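Chemist: please work out how this folds:
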Amino acid sequence: MNSIKILCIFTLWFTLSGVVMGFTIPPTILINNSEIKNSKMNTIILKDVVGYDGIYSVNNKGDVKRFNSKKQLTPKTDKYGYYYFGLSVNAECKTFKAHRLVAIAFIPNPENKPQINHKNGIKTDNRVENLEWCTNSENLKHAYKTGLAKQLKGADNYRSKPVIQMDLDGNIINEFGGIKEATRLTGYNRTGITRACDGTQYQSQGYKWKFNTLTK
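Modeler: Reported below is the predicted structural model:
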């Protein structure tokens, strides 16, 4: 008890001395690890859009704007639910998916993987921490895991017949639940894939395609 009294008296004396002498004791600020993590996640980082250096910037949250404007561009939504932007220079306009702009600017891709996953399955959540580079196969597995892709039923419907994607040497690269799914996940033309599967053309988009008749 005596030690507690001495400590209280000393603290009171030190505080009063500070007030009399004209200085104040700064308050102690406690910051836990979650606050530090949240602070980092809320930090906005800008980078040039690759190929449009000094013209457009993209940030780590998926927003895009012109360098000479304070206003962010308004994204549009494609038929698959992904955000995209129209970027123009010298009167030429091209469209780019928002998640691809973010991934190219912020995420290293040493294995040169061609596609990008939204980790939480939300197509409009283009924060850098929600994106990852992936292969076609990894993308397909992730789509099934998150419920973005569902196995279509009905063997009599050609669109629901499983489809195999192969390189020109006949090596299997991917397998899809149907032509519609193959089109959505690869972005390739549905007509070309259909014709290749039907045998009316040799290949489409540099790949061979066929129905997997062994899977029902």
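Chemist: drop to CA atoms for contacts and neighbour counts, all remaining ones
Modeler: Will do.
Chemist: what's the next secondary structure element after the helix or strand that residue 181 is a member of?
Modeler: If you go by DSSP states H and E, residue 181 is part of helix 179-186. For helix 179-186, the following helix or strand on the C-terminal side (DSSP H and E) is helix 190-198.
Chemist: state the mean pLDDT of that next one.
Modeler: Across helix 190-198, the average pLDDT comes to 92.
Chemist: what ranges does this structure have for its helices?
Modeler: With DSSP state H, the ranges of helices along the chain come out as 2-21, 33-41, 98-106, 136-146, 179-186, 190-198.
Chemist: now the fifth one: mean pLDDT?
Modeler: Which is helix 179-186. 88.
Chemist: who does it touch, helix- and strand-wise?
Modeler: On a contact count with 3 or more CA pairs under 8 Å, 6 or more residues apart in numbering; DSSP states H and E, helix 179-186 meets helix 136-146, helix 190-198.
Chemist: JSON lines please, covering those and showing distance to residue 50.
Modeler: Below are the helices and strands packed on helix 179-186 laid out as JSON lines (distance: least, CA to CA, whole Å):
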{"stretch": "helix 136-146", "distance to residue 50": "23"}
{"stretch": "helix 190-198", "distance to residue 50": "29"}
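Chemist: most tightly packed of those helices?
Modeler: Comparing the helices and strands packed on helix 179-186 by mean neighbour count (mean count of other CA atoms under 10 Å), helix 190-198 ranks first with a mean of 19.
Chemist: spatially central residue in the chain, please.
Modeler: When the chain is reduced to its mean C-alpha position, the nearest residue by CA atoms, centre = their mean turns out to be residue 131, at 3.1 Å.
Chemist: got the contact list for it?
Modeler: Applying CA atoms under 8 Å, 6 or more residues apart in numbering to residue 131 gives the contacts 99, 103, 116-119.
Chemist: in PyMOL, select just the buried ones from these.
Modeler: Of the contacts of residue 131, the buried ones can be selected in PyMOL as follows, counting by 16 or more other CA atoms under 10 Å:
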select buried, resi 99+103+116+117+118+119
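Chemist: what is the most widely separated pair among the contacts of residue 131?
Modeler: 103 and 119 (12.7 Å; CA to CA).
Chemist: thanks a lot, see you next time.
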